[in-house]
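In: Predicted model and sequence below, questions to follow.
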Amino acid sequence: MPLDLSLLNPQQRQAVLTTEGPVLVLAGAGSGKTRVIAHRVVHLLERGVPAKAILAVTFTNKAAAEMKERIARLAGGTPESRRVLVSTFHAFGVRVVREQHGKVGLPARFAILDAGDQAALVKRLLRDLKVDDKRFDVGRLLGILSRLRTGGAPGHPDDEYELCAAELLPKYELGLRAMGAVDFDDLLILPLKLFAEHPEALEQYRARYRYLIVDEYQDTNDPQLKLLELLAGLRRNLCVVGDDDQSIYAWRGAQVRHIQQFDRKFPGCVEIFLEQNYRSNGNILEAANAVIGKNPGRKPKRLWTDRGRGPNVRVVAAPSDEEEAKHVADEIIRISYEEKIPPREIAILYRTNAQARPFEEALRLAGVRYRVVGGTSLFDRKEVRDLIAYLKAALNPRDEIALLRIVNVPARGIGDQTVAKAQELTRARKCPVWDVFSDAPAELAHAAGRIVEFVALMRKYGGRLGAKGFSEAARELVEEVGLFEEARRGAQNVAAQARKLEAMEALLRQLIEYEKREEQKAAERSLASGADDGEPFASGLSGYLNRLALDSKEADGEGGDAVTLMTLHGAKGLEWRCVFLCGLEEGLLPHSGRGFDDAGVEPRAEGALNLEEERRLCYVGMTRARERLVLTRAVERVKRGKPVPRTPSRFLEDIPPDLVDLIDLSGPRPAAPKAVQEAKARSFFASMTELLGDPEPAGQAPARPGRAPR
DNA sequence: ACCGGTTTTATTTTT
DNA sequence: TAAAACCGGT
């Protein structure tokens, strides 16, 4: 059945039908841009463009998965529609690097370093340079390295960080190559290098992907733009969709000017404005417009809606962060009773992950189901990282970061002395540490015996982890090495102990599931005639690890009906009927980068307090709400143990007072309304029932909080 | 080399 | 406040 375009507005329709040449779609918040992209893809398919010729790029893997689903649904679930390539820039990079690994000097199974691994590498390089690694903030160095490598603006040339990073740069890249590993930037840089050095490879990709669509274009960085230019070639079938008002990744190299100057890069492009908002009530939209309106240099847009005004925006001042959280919890209960808004339609948004704590506590106390997205995930836990390092090291002993991380965990008598000696030999012979371990253990004095054992261990599992049954091998490895005991020993109390063990178990379970799924897919594929190249990642454990680096904390399990807690960055592209935007205080939103102890303003020389971007962040948060928006702040906030007075965010002053209901919670807290009390009592009984082992209560809000275990 | 207790230090956002 | 870094005794 043919695609029905009659439900689109004229601008949306134009964006769908203009299939040839460069197109810029400026899509305001809630203007139906995902819808437009999906329709555009399906329209292309109907015009006879083969699915394999379409590449749609999204910003996150989650967005990619949703887009795929949406396209398939819109196309009536045809197999052809599922062959459209929807991926992130980085996942696309993995695909290219994997397909062409020989030409970029990488093994077929390369590792992808995450931020922690990168930091470990830089620390090691600093030590090699005999620079005091305490004088430099490694994270900041990594930021500069990234800018240097991706061709960002040069910093001040005699800044000591710039100098240090410049000296580090070649060693860093050599280190990566020696390990057969890449970092995030490499996934963009290496394809660019490949295309520059091997024009025939570029031609191959140009011929393959004839229609390009990019979502969240305002968040692209320079290498990403270059990649698009190269792929688009003379054909220039490039459609970019985005909103300059929602550019919130400048700190990662994103350039708003890409979207603002698209017409200069692609002259003759068609420019389409989507200005009708289908998401938010009038009051919410007007308040958001008032906040964003203060930014200079925007693409002129006037978002409008034909929905009603809805209730006023609520602005709440709580005496403390704790009270702020309690109030939100109470309101959630009240709203879900009075207005029948289910938890899954409610979100609590904040600027920093650290703000989640009090909310978690208050919600747990109130018996509201919730789910924290992002933040410290399973994979940031030390014990899990150790486990992963074991897997990486056994699979690829050249991965020194992983190898050195676990060589003495749990303690097996290979201490700092021995490791330092080995690294010395490494430098002298210009060979990987692994070779020293495996070929010349005798030179490592009395630890020699231990080393031999360790090498044997790695060899024993290296093969098994690279083959079928790797999830089983992983468990055996963990048991043989004694990682469970190690975790148990390192825990302060019983609860922490249990958490550690559970985290490791969760990872092992995930491995089992991953392997099972992969086997299923392989079976299906061998049945279907066309042996497909659709798989961008390597197979087996190494594919899992690759995915992990790019994917890590995208919660894919829905985890039931729960209130969502996440950062503003995480919230982009999502929407809820009711949104609590919290911590509207100077120094927090707008965030001021460094010490905002008292007054909150201590501007730093570089990059601190990007007010325009903070404003956009606030705008993004506000426009997530469909029906109801609540902005909260605390008069006093506990920071680092001690309470600190806070001043209201300047963004609050930008909202016209007639759109606002002001609520001041200073003074004693009034008794909770009846509905709240009832709900609390209910959830208390529910949790009792649960404790006593009865089957899951049928009512809503059992008291167990849910942290999405992806 | 290892262990336990003590001190310091860090706090943005993430592919 | 909590986790990481550090120190000194075994």
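Out: Structure's in. What do you need?
In: Tell me the confidence at A:Ser247?
Out: pLDDT, A:Ser247: 94.
In: Tell me which stretches of the stretch 451-600 of chain A form helices.
Out: Applying DSSP state H, counting those that start in this stretch to the stretch 451-600 of chain A gives helices spanning A:470-481, A:483-490, A:494-527, A:540-551, A:568-571.
In: Let me see the contact set for A:Thr88.
Out: Residues counted as contacts of A:Thr88 (C-beta atoms under 8 Å, 6 or more residues apart in numbering) are A:Val57, A:Thr58, A:Phe59, A:Thr60, A:Asn61, A:Ala64, A:Leu550. Where you see a C-beta, it was placed from the backbone N, CA and C, and this is true even at glycine.
In: quick one: pLDDT of it?
Out: Reported pLDDT for A:Thr88: 94.
In: picking that back up, averaging pLDDT over each of the helices of the stretch 451-600 of chain A, report the lowest-scoring one.
Out: Sorting these by mean pLDDT places helix A:483-490 lowest, at a mean of 78.
In: Leaving out chain neighbours, which residue sits closest to the residue in chain A positioned nearest to DNA strand B?
Out: Closest to DNA strand B within chain A is A:Gly415: 1.6 Å, counting by C-beta to the nearest atom of the strand. Spatial nearest neighbour of A:Gly415, chain neighbours left out: A:Asn408 (6.2 Å); criterion: C-beta to C-beta, 6 or more residues apart in numbering.
In: Any idea how many residues pack against that neighbour?
Out: Per other C-beta atoms under 10 Å, the neighbour tally for A:Asn408 reads 17.
In: What is the nearest of the contacts of A:Thr88 to DNA strand C?
Out: Nearest to DNA strand C among the contacts of A:Thr88, with distances taken as C-beta to the nearest atom of the strand, is A:Leu550, at 22.8 Å.
In: Confirm for me that the closest one is in contact with A:His90.
Out: Yes - the criterion here is C-beta atoms under 8 Å, and A:Leu550 meets it with A:His90 at 5.5 Å.
In: doesn't A:His258 fall inside a helix?
Out: Yes - applying DSSP: H, G, I helix; E, B strand; the rest coil, one finds A:His258 inside a helix.
In: residue contacts, it?
Out: Neighbours of A:His258 in contact, by C-beta under 8 Å, 6+ apart: A:Tyr217, A:Gln218, A:Thr220, A:Leu225, A:Lys265.
In: again, only this time at 6 Å
Out: A:Thr220, A:Leu225 (C-beta atoms under 6 Å, 6 or more residues apart in numbering).
In: So it versus A:Asn610, what's the distance?
Out: When distance is defined by C-beta to C-beta, to the nearest Å, A:His258 is 17 Å away from A:Asn610.
In: ditto for A:Val131
Out: 30 Å.
In: The two: who's more crowded?
Out: Using other C-beta under 10 Å as the criterion, A:Val131 and A:Asn610 rank with A:Asn610 on top: 17 against 14.
In: Give the closest residue to the more buried one in space, chain neighbours not counted.
Out: That would be A:Ala250: by C-beta to C-beta, 6+ apart, it lies 6.3 Å from A:Asn610.
In: Quick check, the one you found in contact with A:Glu613.
Out: Yes - proximity of A:Ala250 to A:Glu613 meets the contact threshold set by C-beta atoms under 6 Å, at 5.4 Å.
In: Mind listing the shared neighbours of those two?
Out: Counting by C-beta under 6 Å, 6+ apart, nothing touches both A:Ala250 and A:Glu613.
In: Can you report how many residues lie near the residue nearest to A:Asn610?
Out: 17.
In: for A:Leu285, same thing?
Out: When neighbours are defined as other C-beta under 10 Å, A:Leu285 has 26 of them.
In: Tell me the pLDDT of it.
Out: Reported pLDDT at A:Leu285 in the predicted model: 96.
In: Was I right to think it contacts A:Thr305?
Out: Yes - counting by C-beta under 6 Å, A:Leu285 does reach A:Thr305; the two are 5.5 Å apart.
In: Quick check on the residue of chain A at minimum distance from DNA strand C: phi, psi?
Out: The nearest approach of chain A to DNA strand C comes at A:Gly641, 3.1 Å away (C-beta to the nearest atom of the strand). Main-chain torsions, A:Gly641, degrees, to the nearest 10: phi 90, psi -40.
In: ok so, going back, please render the helices of the stretch 451-600 of chain A as CSV that adds mean neighbour count and distance to A:Val368 to the earlier fields.
Out: Shown next, in CSV, are those (neighbours: other C-beta atoms under 10 Å; distance: least, C-beta to C-beta, whole Å):
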stretch, mean neighbour count, distance to A:Val368
helix A:470-481, 18, 35
helix A:483-490, 17, 31
helix A:494-527, 14, 22
helix A:540-551, 20, 28
helix A:568-571, 22, 19
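In: would you turn those into JSON lines with distance to A:Val372?
Out: JSON lines is the format used below for the helices of the stretch 451-600 of chain A (distance: least, C-beta to C-beta, whole Å):
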{"stretch": "helix A:470-481", "distance to A:Val372": "26"}
{"stretch": "helix A:483-490", "distance to A:Val372": "22"}
{"stretch": "helix A:494-527", "distance to A:Val372": "15"}
{"stretch": "helix A:540-551", "distance to A:Val372": "17"}
{"stretch": "helix A:568-571", "distance to A:Val372": "10"}
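In: Distance to DNA strand C added to those helices, as CSV?
Out: Shown next, in CSV, are the helices of the stretch 451-600 of chain A (distance: least, C-beta to the nearest atom of the strand, whole Å):
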stretch, distance to DNA strand C
helix A:470-481, 20
helix A:483-490, 9
helix A:494-527, 7
helix A:540-551, 19
helix A:568-571, 21
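In: I'm done for today, thanks for sticking with me.
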